[in-house]
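Novice: here is my input; please provide its structure:
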Amino acid sequence: MTTSGASSSPRPSVSRTTPPPETRLEEECGLGAKGPIEGVRPDAESEIRYGRIGSGSTVAIFLHQSPGSMCGWMDYVGLATKQAEFTALTVNSCGKGDTRCSKALSDNPVGFLTPIVEHARTELGADRVVVVGASAGGAVALAGGQQAGADAIVDLSGPAYWRGYAEAEPAAAATTVPLLIVCSDSDFQMKPERLRAAVQGSPAKVKKYLDPPEGGHGWDIVTEEPGDTVKLTETGRLVLDWITGDYPASG
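Specialist: Numbers count the residues shown, from 1 in each chain. Coordinates of the predicted model:
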């Protein structure tokens with residue numbers, strides 16, 4: 001089941017830059033997935049840089065935790081894009097890597113996400129866009145994902161309050177697209193009781209709050225390393241289902 005969350009509000013025009021051929025994820029991150037690093041320029045002062053992995057008309061935008069960068073997603077997207085057909089954009093937030101942002105973008109999750117979502121649709125041919133965020137990135141995904149035009153939102157351990165953005169409860173109350181929030185009940189600083197209440201208060205028809213059996217925080221929840229290999233956890237597979245629109249029963 002796919003639920004469209006495209007916003008009817010006007011969107012800023014965006015353009016795609018053509019990176020030099022030597023700009024590659026494997027050079028920037030040194031592990032995991034391989035692909036080009038590209039950019040979106042929403043205004044004269046800003047360029048949002050992202051790594052592109054995989055292919056397909058479903059595009060998942062991955063927002064990293066803090067501290068961290070897009071490189072922290074490499075294990076997960078490398079595995080997930082081999083198990084399902086979708087395009088992953090691993091985004092560097094303002095001030096990370098070569099991403100630079102005007103004040104209007106750095107202080108506004110909707111302003112930051114909207115040009116990326118629009119770029120995915122107009123330049124990359126997406127017919128479905130999912131925003132996935134870990135920790136601080138989860139708070140950005142929840143606060144800005146629906147207004148930016150996402151079709152579904154995944155928040156992994158996003159704090160109930162972050163940087164003056166919309167707090168979890170009002171953000172979820174304004175979210176009607178499929179919403180998944182994952183937070184360990186032992187992750188006290190994120191306020192899991194508030195996140196659980198936020199999901200309960202969302203009008204989304206498809207929604208789920210999960211205390212992950214793996215425990216952990218942010219992107220550490222979705223992969224594990226048994227021996228010398230990396231694989232998706234149970235929660236990592238659930239996130240992949242959310243990306244592809246194969247939603248489980250709400251709860």
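Novice: just the pLDDT for Val230.
Specialist: On pLDDT, Val230 comes in at 89.
Novice: thought it was touching Glu224?
Specialist: Yes: with contact defined as Cβ atoms under 8 Å, Val230 and Glu224 form a contacting pair (7.3 Å). To be clear about C-beta, it is placed using only N, CA and C from the backbone, and glycine gets the same treatment.
Novice: quick check, Asp241 in contact with Thr235.
Specialist: No: with contact defined as Cβ under 8 Å, Asp241 does not count as touching Thr235 (10.4 Å).
Novice: which one's more surrounded, the two?
Specialist: Thr235 (22 against 14; other Cβ atoms under 10 Å).
Novice: state the pLDDT value of the more buried one.
Specialist: Taking Thr235 on its own, its pLDDT is 97.
Novice: tell me the contacts of it?
Specialist: Neighbour list for Thr235: Val182, Leu210, Pro212, Pro213, Glu214, Ile221, Val222 [criterion: Cβ atoms under 8 Å, 6 or more residues apart in numbering].
Novice: repeat that for Glu224.
Specialist: Counted by Cβ under 8 Å, 6+ apart, Glu224 has contacts Glu214, Val230, Lys231, Thr233.
Novice: most surrounded residue in those?
Specialist: Thr233 (18 neighbours).
Novice: quick one: that one from Val59, how far?
Specialist: 23 Å (Cβ to Cβ, to the nearest Å).
Novice: hmm, back to that, let me have the contacts of Thr235 in a markdown table, extended by secondary structure and pLDDT.
Specialist: Output for the contacts of Thr235, formatted as a markdown table (DSSP: H, G, I helix; E, B strand; the rest coil; pLDDT from 0 to 100):
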| residue | secondary structure | pLDDT |
| --- | --- | --- |
| Val182 | strand | 98 |
| Leu210 | strand | 97 |
| Pro212 | coil | 97 |
| Pro213 | coil | 93 |
| Glu214 | coil | 90 |
| Ile221 | helix | 97 |
| Val222 | coil | 97 |
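Novice: mind putting these in a markdown table, distance to Arg49 included?
Specialist: Formatted as a markdown table, the contacts of Thr235 follow (distance: Cβ to Cβ, whole Å):
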| residue | distance to Arg49 |
| --- | --- |
| Val182 | 26 |
| Leu210 | 31 |
| Pro212 | 30 |
| Pro213 | 34 |
| Glu214 | 30 |
| Ile221 | 25 |
| Val222 | 23 |
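Novice: just the buried ones from those?
Specialist: Val182, Leu210, Pro212, Ile221, Val222 (16 or more other Cβ atoms under 10 Å).
Novice: quick one, phi psi at the last one?
Specialist: When read as degrees, to the nearest 10, the backbone of Val222 gives phi -100, psi -10.
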